[in-house]
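>>> Quick one, structure for this:
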Amino acid sequence: MTNPVLVEVTRGEVVESRHRGAVIVVDADGKTVLELGDVDRPVFPRSAVKAIQALPFVESGAVDAFGFGPREIALACASHSGEPEHAALAAAMLAKAGLDASALECGAHWPSRQESALDLARAGHTPSALHNNCSGKHSGFICTCAHLGIDHRGYVGAGHRAQEAVRDAMESVTGATHAVDMCGTDGCSIPTYAVPLRNVAHGFARMATGIGLGQERAKAARRILSACMAEPFLIAGTRKLDTELMQAASGRIMVKVGAEGVYCGAIPELGVGLAIKCDDGVIRGAEIMVVSVLARLIAAVDPHLAESLRQMANPVLKNWNGIEVGGLRPTAALD
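This next block holds a predicted model:
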């Protein structure tokens, strides 16, 4: 099945590039609200499912044992830009467990926010694992191990109890088998499993509503999504789409990007979850897709917010001289 063209990139009046993709929106009962393309083909959701991966962090009691709140929960779900606030909070989380950055097994890279990277270099420093965009998630894994009395070393391995708990949570919430032959290694070194978009969207609908999760898991899920929506800066960072979308929605939308053109999220008041994959893995295509879908859905309850999102879904492209040269736009399939 060939996925439809969902986004066009123009230069002048001519369509220069096209992005194909798949979109699925379902409710907590699994009923399809919107379906475009092949949503049953397994894809790696990557970092888009960090909110589900954070369930053991909350359910284990680690969050409360260390006195954490929405900020720490949000960082555990983040793909942050390595700004000072992000790195400092990850360090503070580890300190509560009596550890430091040396415990992190996610690897080090420069902050993705250019200003933060330049400030670090000007100060004569090199990046540590705290600047890794996944340092919050990894700090959550480590704190969970510390609280449960588990040796955190090797926590990124598929056979470690930390990752077994994550896999079990993912399978339970999404209803999809996370099979060994569909397992890869994520950029931050933890296992990532290819599963159908339909299942991932259903998982987020269940996270948003609690339906089918059981009382304690439903409570943890609500706590995680609420933390993400309450602390959007910690989820991504300055001028990042995830942050800007959740700031604009003021607690009505939870959304999270994943590498290679994936987006997942939920609109709790509508009781729906969504999952999107841009075929070519290009983030600009995925961003237009997710904003367009969110605008289409939220229009039923907030036309003003929907209009703001539609404007975000039609950005202008300018060259280095500030001259408008084209733009991006959703195709009719997303309207």
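
>>> which stretches of this protein form strands?
5-11, 14-27, 32-36, 42-43, 183-185, 191-193, 195-196, 254-258, 262-267, 272-278, 316-318, 324-330 (DSSP state E).

>>> Can I get the ones you listed in TSV including mean neighbour count?
C-beta coordinates here come from the backbone N, C-alpha and C atoms, glycine included. Output for these, formatted as TSV (neighbours: other CB atoms under 10 Å):
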stretch	mean neighbour count
strand 5-11	19
strand 14-27	20
strand 32-36	16
strand 42-43	18
strand 183-185	12
strand 191-193	22
strand 195-196	23
strand 254-258	27
strand 262-267	28
strand 272-278	28
strand 316-318	12
strand 324-330	16
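
>>> Of those strands, which is nearest A54?
strand 254-258 (10.8 Å; CB to CB).

>>> circling back to that earlier point, which one of the strands of the chain lies nearest to M170?
Nearest of the strands of the chain (CB to CB): strand 191-193, 7.0 Å.

>>> counting contacts, what elements does the closest one pack onto?
Strand 191-193 is packed against helix 161-174, strand 183-185, with contacts defined by 3 or more CB pairs under 8 Å, 6 or more residues apart in numbering; DSSP states H and E.

>>> let's go with 6 Å and repeat that
strand 183-185 (3 or more CB pairs under 6 Å, 6 or more residues apart in numbering; DSSP states H and E).

>>> Now do the contacts for V173.
Shown in contact with V173 (CB atoms under 6 Å, 6 or more residues apart in numbering): 52, 203, 206.

>>> Ranking by neighbours, what's the top pick from these?
Highest neighbour count within these, by other CB atoms under 10 Å: G203, with 32 neighbours.

>>> wait, isn't that residue in contact with T174?
Yes: with contact defined as CB atoms under 6 Å, G203 reaches T174; the gap is 3.7 Å.

>>> where along the stretch 201-335 of the chain do the helices fall?
215-230, 232-235, 241-249, 283-298, 303-312 (DSSP state H, counting those that start in this stretch).

>>> Indicate which one of those helices is closest to V15.
Distance to V15, taken as CB to CB, is lowest for helix 283-298 among these, at 13.2 Å.

>>> Could you pull up the mean pLDDT of that closest one?
Here helix 283-298 scores 97 as its mean pLDDT.

>>> residues making contact with it?
So helix 283-298 is contacted by 6-7, 19, 21, 23, 241, 261, 263, 267, 274, 276, 278, 305-306, 309-310, 312-313, 328, 330, 334 (CB under 6 Å, 6+ apart).

>>> cutoff 7 Å now
6-7, 19, 21, 23, 25, 34, 241, 245, 253, 255, 261-263, 267, 270, 272, 274, 276, 278, 305-306, 309-310, 312-313, 328, 330, 334 (CB atoms under 7 Å, 6 or more residues apart in numbering).

>>> picking that back up, same list (the helices of the stretch 201-335 of the chain) but as CSV, adding mean neighbour count.
Shown next, in CSV, are these (neighbours: other CB under 10 Å):
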stretch, mean neighbour count
helix 215-230, 20
helix 232-235, 25
helix 241-249, 20
helix 283-298, 24
helix 303-312, 15
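
>>> Can you lay out these as TSV showing distance to R46?
Listed next are the helices of the stretch 201-335 of the chain as TSV, based on distance: least, CB to CB, whole Å:
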stretch	distance to R46
helix 215-230	17
helix 232-235	15
helix 241-249	14
helix 283-298	11
helix 303-312	23
